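Trainee: everything below, folded, please.
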Amino acid sequence: MLGELQCWEDRGKKGLYYFDDSDFAQSFILPNSWSLIGQPKGMQTYPHSLRLNALGFLSRQGKLIYHLTMTTNSSEVVIAAFDRLFAQKSLGAFAIVVLDNASVHRSKAFRRKSWIVYRIVSI
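Mentor: Numbers count the residues shown, from 1 in each chain. Here you go, the predicted model:
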């Protein structure tokens, strides 16, 4: 399926994007670390630090459209990121977004959005 979408784009149809999100924090997520024998390692942690969520759309040409938030990733946050993508597209432009099978991508709120014309596949 991805190969077909890439061929479609190669024939001059612009608008294939890959979507994913990640978060960044000062807090130490893994409670273990390695060190040389006899030299214990100490690390400063920030248990109540802020978390930055980055949601991004990346094209095969390297164009990145991103949305940053300090809130927890939710359907509303993902919808806001998609709204930002489509706000940057010209009126009537067509885009295909490849995304994973995260629960927020399958939520009722996400599926109700008017910009979803047809859901082909989630990977």
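
Trainee: all contacts plus neighbour counts: C-alpha atoms, from now on.
Mentor: Will do.

Trainee: tell me where this protein has helices.
Mentor: Using DSSP state H, the helices of the chain run over 2-10, 75-87, 108-111.

Trainee: quick one: average confidence on the longest one?
Mentor: Helix 75-87 comes out with an average pLDDT of 88.

Trainee: give me the number of neighbouring residues for V77.
Mentor: Counted by other CA atoms under 10 Å, the residues lying close to V77 total 18.

Trainee: most tightly packed of the helices of the chain?
Mentor: Compared across the helices of the chain, helix 75-87 shows the largest average neighbour count, a mean of 17 (mean count of other CA atoms under 10 Å).

Trainee: CA atoms only: put it into CSV for me.
Mentor: Presented in CSV, the C-alpha positions along helix 75-87 are these (Å, rounded to 0.1, in the frame of the first residue of the first chain):
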residue,chain,number,x,y,z
SER,A,75,-7.7,13.4,20.4
GLU,A,76,-8.1,17.2,20.7
VAL,A,77,-4.4,17.7,20.4
VAL,A,78,-4.0,15.4,17.4
ILE,A,79,-7.0,17.1,15.8
ALA,A,80,-5.4,20.5,16.3
ALA,A,81,-2.2,19.2,14.6
PHE,A,82,-4.2,18.0,11.6
ASP,A,83,-6.1,21.3,11.5
ARG,A,84,-2.8,23.1,11.3
LEU,A,85,-1.7,20.8,8.4
PHE,A,86,-4.8,21.5,6.4
ALA,A,87,-4.7,25.2,7.2
